[in-house]
Each structure stands twice: as structure tokens, then as C-alpha cells.
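Trainee: Next comes the sequence, and after it the predicted model I'd like to discuss.
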Amino acid sequence: VAQRLGLEPTPGLSEYLLGEATPADILRTVPAADGGEASAQELVLIPAGRPVPNHAKLLESERFRTLLREVGEVYDRVVLDTPPLLSLSDTLTLLPQVDGVLVCLRLDQTTRHEALAAKTALERVPKMPIGLVLTGADKSQSPYYAGYYTAPPLQDAR
């Protein structure tokens, strides 16, 4: 995420969890995408930091749980961008520490088998998905939504 936003990857979460950085060192603020009047003006994120050999153990640490608790007290939403649910045990390690899960599926890439395996993995923990995002869909190919995105705005009746 940091790289896509043009940010330096370090110091980041791994440096913080190793005790080499403070929260002030790792919190980065970037302008949010223009999503309209009600959207946030800024996005605060923590880059992953440098690769470390024992990252799964660090994510299970009390230091990580404390960081999640502290940022949760300051910000309205805390989103953890993780690897795909079935690819690494890290993602499953984090499930007990979150309030909900947003599952992302890519059209024409996520197989039915993978989607069902993800559903089974999520059923093993008390956290159920708070949403499902389908990426890679072409809105112009959907007859239901195609007109919605291209229709002119309604005039105010006042």
C-alpha cells in the first residue's frame, strides 16, 4: 500500500513491533481520494516496514495488540490490509484481533472452490464478514447498474 501511495516503506509496522520505532515514527498521513463532500480528507496509514523472518510471531505479540487498541481509540476505522485469507497463516492469526472481516473476491480469478474455502476458514472464528467486495467487474457490462452510473443527476425539487 505504501509503495502504491508513493511512501517510503520504512520505518513501519515491523520496526515498531521490534521496538525500533514509536507510533509517531510510523504513522503516515496522505490525502484521501476525492470521494465527494462526505469523504475523509486524509488517510492515516502504517506501512508494513522491512521484511522480518518472524512476522507471524510479531503479529501475535502484546505490542501489536496494544497498538491496535490505541489506534482504535483515536480513529473511526482501523483497516488491516492482509494477504489473501488462504495464502498465509498471518491472516488467520489476525482474525481474533479484529471486529470484522471485509472479504475481497476478484471476478474471473477467484474460483468457487477458493471462495468456499475462505467461507469455511471464517466460520472457524467468531468473526463473520462485515462485507464482500467484488473487484474486477466492468460496470458497463451489468444491465442492472449500467444506467445508474451514467444517468444525469436528479434535479432538486425545492
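Mentor: Alright, I've got the coordinates.
Trainee: How about R63: what's its closest non-neighbour residue?
Mentor: Leaving aside its chain neighbours, R63 sits nearest to L17 (5.5 Å; criterion: Cβ to Cβ, 6 or more residues apart in numbering). All C-beta atoms are positioned from the backbone trio N, CA, C, and that covers glycine.
Trainee: how about the one you found, what does it touch?
Mentor: L58, L59, S61, R63, F64, L67 (Cβ atoms under 8 Å, 6 or more residues apart in numbering).
Trainee: Could you rerun that using 6 Å?
Mentor: L58, R63, F64 (Cβ atoms under 6 Å, 6 or more residues apart in numbering).
Trainee: One more: L107?
Mentor: L134, G136, A137.
Trainee: Recalculate using a threshold of 8 Å.
Mentor: L134, T135, G136, A137.
Trainee: Grab the nearest non-local neighbour of it.
Mentor: Closest to L107 by Cβ to Cβ, 6+ apart is G136, at 4.1 Å.
Trainee: Just give the number of residues close to that neighbour.
Mentor: When neighbours are counted by other Cβ atoms under 10 Å, G136 registers 11.
Trainee: Look up how far L95 lies from it.
Mentor: Distance from G136 to L95, counting by Cβ to Cβ, to the nearest Å: 25 Å.
Trainee: Give me the helices and strands touching the host helix or strand of L122, please.
Mentor: For L122, the element it lies in under DSSP states H and E is helix 112-123. Here helix 112-123 is seen to pack against strand 101-106 when contacts are counted using 3 or more Cβ pairs under 8 Å, 6 or more residues apart in numbering; DSSP states H and E.
Trainee: in this structure, which spans are helices?
Mentor: 13-17, 23-26, 55-59, 62-74, 89-94, 112-123, 146-150 (DSSP state H).
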